[in-house]
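> no sequence on this one, just coordinates:
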């Protein structure tokens, strides 16, 4: 088996509010909004919005009513710490930074090298409307 991710689904506090943000973000990251789908899974009490790309699908889910007021925190057990999207170059990270900044994302750190993650690790860190941490990264690796 090849370790390739098929899809990722994250739970957001307010799916309608999050959808507005992700509708702006996902095309910047290479997703085609005409491939976006929406649905509800009544048996599990959630709505879902999925952004489909040939490489993988990214979905946002509504929370269960019992958890709607819970705080989003990436350090809780079972939580997503962050999601990193792979860029083709440092230049692409820089170009995406300007676009992501312009949609109102909460920029944590602008593009720069992070030697603590590797000598060629160049990344942008930002958060979505719920505070979920996202990253765009380029790293030259010998095995690529």
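Alright, I've got the coordinates. No experiment lies behind these values; they were computed from the predicted model shown.
> mind listing what residue 2 touches?
Residue 2 sits next to no residue when contact means C-beta atoms under 8 Å, 6 or more residues apart in numbering. Where C-beta positions appear, they are placed from N, C-alpha and C, glycine not excepted.
> So which residues of the protein form strands?
Applying DSSP state E to the chain gives strands spanning 7-11, 37-41, 46-52, 57-61, 83-86, 106-113, 121-127, 133-139.
> Averaged pLDDT, the last one. What do you get?
In this model, strand 133-139 has an average pLDDT of 98.
> just stretch 28-43 next, same as before
Mean predicted confidence for stretch 28-43 is 96.
> Flag every buried residue along that stretch.
28-29, 31, 36 (16 or more other C-beta atoms under 10 Å).
> next one: stretch 72-92
72, 85, 87, 90.
> related to what we said a few turns ago, any idea which of the strands of the chain gets closest to residue 94?
strand 106-113 (5.3 Å; C-beta to C-beta).
> mind listing what's buried in the closest one?
residue 111.
> about what we covered before: how about the strands of the chain in JSON lines, adding distance to residue 98?
Below are the strands of the chain laid out as JSON lines (distance: least, C-beta to C-beta, whole Å):
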{"stretch": "strand 7-11", "distance to residue 98": "25"}
{"stretch": "strand 37-41", "distance to residue 98": "29"}
{"stretch": "strand 46-52", "distance to residue 98": "21"}
{"stretch": "strand 57-61", "distance to residue 98": "22"}
{"stretch": "strand 83-86", "distance to residue 98": "16"}
{"stretch": "strand 106-113", "distance to residue 98": "10"}
{"stretch": "strand 121-127", "distance to residue 98": "10"}
{"stretch": "strand 133-139", "distance to residue 98": "11"}
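> Could you list the low-pLDDT ranges of the chain?
The chain contains residues with pLDDT under 70 at 142-144.
> how does it divide up, domain by domain?
1-65, 79-144 (automatic domain parsing).
> quick revisit: for residue 55, state which of the buried residues of stretch 28-43 is nearest.
Residue 55 lies nearest to residue 31 out of those, by C-beta to C-beta, at 9.6 Å.
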